[in-house]
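> quick one, what's the 3D model for this:
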Amino acid sequence: MQLTRVTAIRHGETAWNAERRVQGHTDIGLSATGREQAARLAWALAGRERIDAIYSSDLARAFETARAIAAAANVAVRPETGLRERSFGRAEGLTFDDFSRRWPDEAERWRRRDPHWRSDGGESLLQFWERITGAVHRLGAQNLGKHVVLVTHGGVLDVLYRAATGLGLQDARTWQLGNCAINRLLWTPDSGLSLIGWADDGHLQQPAAADHFPDPSSDPDRSGALPVYHGAGGLAAGLTGLSSKAMLDAAEEERAGDDAGAYSASP
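Prediction:
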């Protein structure tokens with residue numbers, strides 16, 4: 001059977017993650033914590049297996065994370081706008097509470113995960129779903145027999161998990177979307193995505209690895225020493241269930257809208 005191995009990564013933490021602000025397409029770079037997470041992730045991935053290609057959202061927080069992996073694996077980063085976070089228009093920069101005070105009716109539709117709702121200037125869940133699944137289908141078909149790393153965003157990972165497990169857009173989320181955790185899937189032409197492992201974050205508990213790799217934010221043109229093309233962890237608890245505290249945190253995020261900037265149970 002022809003298949004593509006996919007490792008999907010959410011970018012490292014940003015200041016707006018910590019403040020629970022909606023990021024969307026706003027171009028926010030990594031915080032110091034996020035850069036450290038990216039370095040540890042790069043160390044873990046490069047030491048485990050061959051990576052054939054790295055595709056990254058072109059937004060800074062994802063691209064900086066991808067560059068750390070690229071430096072460790074000696075593989076070029078390919079910018080992919082199809083992997084951007086969901087656009088939230090006028091909601092970007094606000095917390096969900098801020099948004100709720102200004103537009104309570106819209107906030108209720110967001111909270112209910114109305115697939116047709118979109119913030120002024122943003123995308124609906126249906127539009128977002130179609131964009132992400134289309135991009136992953138295209139990249140999977142282009143890389144049959146290879147292992148690709150997709151560096152992207154929490155909302156994108158949420159779509160990939162749902163696509164791989166058959167869950168609907170309005171089903172409550174009980175899985176984690178942690179910064180720089182490792183998530184593994186397979187893609188085949190006949191079946192699309194299937195889930196192999198989710199939310200492996202053991203590498204984030206390892207000793208700091210930042211001194212082994214360049215600072216991913218140090219290159220303003222996002223190219224670094226490697227060319228940029230234009231144009232094994234096990235199953236974590238997040239796959240089968242969360243701790244009681246994490247379940248409460250996830251439920252809080254669900255009420256606030258999954259896409260509201262802070263996807264991780266412990267940002």
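
> now the strands for this protein?
For the chain, applying DSSP state E gives strands covering 4-10, 53-56, 77-79, 147-152, 182-188, 192-200.

> which stretches of the chain form helices?
15-19, 32-46, 60-73, 96-102, 104-111, 125-142, 154-165, 237-240, 244-256 (DSSP state H).

> of these, flag the one that's most buried.
helix 60-73 (a mean of 26; mean count of other C-beta atoms under 10 Å). Just so you know, the C-beta spots here come from the backbone N, C-alpha and C atoms, and that holds for glycine as well.

> packing partners for that helix?
helix 32-46, strand 53-56, strand 77-79, strand 147-152 (3 or more C-beta pairs under 8 Å, 6 or more residues apart in numbering; DSSP states H and E).

> mean neighbour count and mean pLDDT for the strands of the chain - can I get that in a markdown table?
Formatted as a markdown table, those follow (neighbours: other C-beta atoms under 10 Å; pLDDT from 0 to 100):
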| stretch | mean neighbour count | mean pLDDT |
| --- | --- | --- |
| strand 4-10 | 25 | 98 |
| strand 53-56 | 23 | 98 |
| strand 77-79 | 22 | 98 |
| strand 147-152 | 25 | 98 |
| strand 182-188 | 22 | 98 |
| strand 192-200 | 20 | 97 |
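
> and of those strands, who's closest to Glu108?
With C-beta to C-beta as the measure, strand 4-10 is the member of the strands of the chain nearest Glu108 (26.8 Å).

> format the strands of the chain as TSV; extra columns: distance to Asp120.
Output for the strands of the chain, formatted as TSV (distance: least, C-beta to C-beta, whole Å):
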stretch	distance to Asp120
strand 4-10	26
strand 53-56	28
strand 77-79	27
strand 147-152	24
strand 182-188	32
strand 192-200	31
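
> for the nearest residue to Gly89 once chain neighbours are set aside, give me its contacts.
Spatial nearest neighbour of Gly89, chain neighbours left out: Gly121 (2.8 Å); criterion: C-beta to C-beta, 6 or more residues apart in numbering. With contact set as C-beta atoms under 8 Å, 6 or more residues apart in numbering, Gly121 has these partners: Ser87, Gly89, Arg90.

> so which of the residues you listed is the closest to Asn183?
Ser87 (22.5 Å).

> might one say that the closest one is in contact with Leu125?
No: shown here, Ser87 and Leu125 do not form a contact pair, counting by C-beta atoms under 8 Å, at 11.6 Å.

> residues contacting Gln170?
Gln170 touches Arg112, Arg113, Asp114, Pro115, counting by C-beta under 8 Å, 6+ apart.

> quick one: the residue nearest to the second one when sequence neighbours are not counted from Trp117, how far?
Distances taken as C-beta to C-beta, 6+ apart place Gln170 nearest to Arg113, at 4.7 Å, with adjacent residues excluded. Counting by C-beta to C-beta, to the nearest Å, the gap from Gln170 to Trp117 is 11 Å.

> likewise Gln142?
33 Å.

> just the buried residues from the contacts of Gln170, in ChimeraX please.
In ChimeraX, a selection of the buried entries from these looks like this (16 or more other C-beta atoms under 10 Å):
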select :113,114,115
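
> let me know the closest of the contacts of Gln170 to Tyr161.
Minimum distance to Tyr161 across the contacts of Gln170 is 14.2 Å, recorded for Arg113 (C-beta to C-beta).

> wait, doesn't that closest one sit right on Leu167?
No: with contact defined as C-beta under 8 Å, Arg113 and Leu167 do not form a contacting pair (11.6 Å).

> circling back to that earlier point, figure out which of the helices and strands packed on helix 60-73 is closest to Ala199.
Of the helices and strands packed on helix 60-73, nearest to Ala199 by C-beta to C-beta is helix 32-46, at 13.0 Å.

> this completes my enquiry, with thanks.
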